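Participant: Need the 3D shape of this:
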Amino acid sequence: MSGTSPKQEYDLVDLTWDTAFFGVTSAKVILKEPLTVPRWKELKARCIGYQFVCLENRNSEPKNARLIGKETSAFLVDVNIQFAKKLTGEEPRLSEPVEFSRSPENLDQLMELTQFSVSRFVEDSELLKRGGARVHSEWLRNSVGKPDKLFAVSRCDGEVNGLLLHSYSGDSCTVELLAVSPKATRRGIGSALFRAVEYDAFCRGAKEIRVGTQVRNIPALNLYSKLGCKVVGCHQIYHMWNL
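Facilitator: Next comes the predicted model:
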């Protein structure tokens with residue numbers, strides 16, 4: 001039931017954290033290529049062993065989308081847009097001062113910023129009633145002190161008005177969470193945080209910044225486009241329940 005598929009069409013992995021948090025056995029399937037009928041039957045049989053399965057259809061592959069729609073009870077909960085920005089050539093411009101820390105102060109204030117209304121964890125009613133609204137705040141809490149994760153924090157008069165959680169892997173920097181206080185919207189806080197992380201990543205030798213957001217999050221799509229990020233992927237996200 002656990003592990004990685006021996007071939008390359010898909011990966012299936014246990015979601016240990018999700019299982020513990022939501023109280024249902026959980027897994028994630030990443031569909032990387034169009035599935036043949038035998039491979040699809042194999043995957044369906046493996047998914048039966050889980051109460052909840054998140055299916056990521058890479059690049060919104062039509063053949064896989066058709067199989068999911070015709071042969072499962074899974075529903076489309078998200079279309080994830082992936083952006084990337086190359087960090088080559090001229091040194092990025094640093095704008096306003098931003099604090100960097102692996103263990104930031106006022107963690108409770110940071111967690112209060114993560115009440116996202118556009119999120120598959122709250123738009124799926126089954127996840128919502130199992131604590132989906134707390135997922136991102138727990139994500140922050142679990143990231144404190146991790147050697148590969150950094151918090152970029154913006155403050156005004158001692159009050160937190162924005163945060164950007166990011167991580168490094170190889171020569172890539174990934175934006176994991178970006179949140180701005182409702183009291184500080186339209187003040188350029190998100191742009192300042194991104195540019196500060198971009199500058200820091202460049203100084204660390206990173207070659208690119210990657211970030212993903214939901215297709216319904218229009219402000220985030222506009223922000224990343226304005227900051228020079230390019231769309232590099234569009235992945236359908238389905239939820240399947242076997243309760």
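Participant: buried stuff in the helix or strand where R66 lies?
Facilitator: In the assignment (DSSP states H and E), R66 maps to helix 62-71. Along helix 62-71, the positions that meet the burial threshold by neighbour count (16 or more other Cβ atoms under 10 Å) are N64, A65, L67, I68. To be clear about C-beta, it is placed using only N, CA and C from the backbone, and glycine gets the same treatment.
Participant: Can you pull out the residues in contact with that helix?
Facilitator: Around helix 62-71, the neighbours that count as contacts under Cβ atoms under 8 Å, 6 or more residues apart in numbering are L31, P34, L35, W40, K44, L55, N57, A74, Q236, Y238.
Participant: Tell me who's in contact with Q115.
Facilitator: A133, H136.
Participant: Please parse this structure into its domains.
Facilitator: Dividing the chain into domains by automatic domain parsing, as the record does, gives the ranges 10-72, 86-233.
Participant: Between these, which one is closest to N242.
Facilitator: Ranking these by their distance to N242 (criterion: Cβ to Cβ) puts domain 10-72 first, at 5.4 Å.
Participant: okay, how far is it across the closest one, tip to tip?
Facilitator: Start and end residues of domain 10-72 are separated by 17 Å (Cα to Cα, to the nearest Å).
Participant: State the mean pLDDT of that domain.
Facilitator: When the per-residue pLDDT values of domain 10-72 are averaged, the result is 96.
Participant: Show me how far that domain is from its chain's centre.
Facilitator: The chain centroid and the centroid of domain 10-72 are separated by 18 Å, computed with Cα atoms, centre = their mean, to the nearest Å.
Participant: was I right about T72 contacting M240?
Facilitator: Yes - the pair T72 / M240 is scored as a contact, 5.6 Å apart, by Cβ atoms under 8 Å.
Participant: for the helix-or-strand element of the chain with minimal mean pLDDT, which positions count as buried?
Facilitator: Lowest by mean pLDDT, DSSP states H and E among the helices and strands of the chain is helix 107-112, with a mean of 90. Of the residues in helix 107-112, those buried by neighbour count under the rule 16+ other Cβ under 10 Å are Q109, L110, M111.
Participant: now stretch 12-27
Facilitator: Within stretch 12-27, the residues scored as buried using 16+ other Cβ under 10 Å are L12, D14, L15, D18, T19, F21, F22, V24, T25, S26, A27.
Participant: Then stretch 209-227?
Facilitator: The neighbour-count criterion (16+ other Cβ under 10 Å) identifies I209, R210, V211, G212, T213, Q214, N217, A220, L221, L223, Y224, L227 as the buried residues of stretch 209-227.
Participant: Tell me which entries of those residues lie within helices.
Facilitator: Counting by DSSP state H, these place A220, L221, L223, Y224 in helices.
Participant: Generate a markdown table for these, with pLDDT and distance to V197 as supplementary columns.
Facilitator: Below are those laid out as a markdown table (pLDDT from 0 to 100; distance: Cβ to Cβ, whole Å):
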| residue | pLDDT | distance to V197 |
| --- | --- | --- |
| A220 | 95 | 15 |
| L221 | 96 | 18 |
| L223 | 96 | 13 |
| Y224 | 97 | 12 |
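Participant: Need the max-distance pair from those.
Facilitator: Across these, the two members that end up farthest from each other (Cβ to Cβ) are L221 and L223, 7.3 Å apart.
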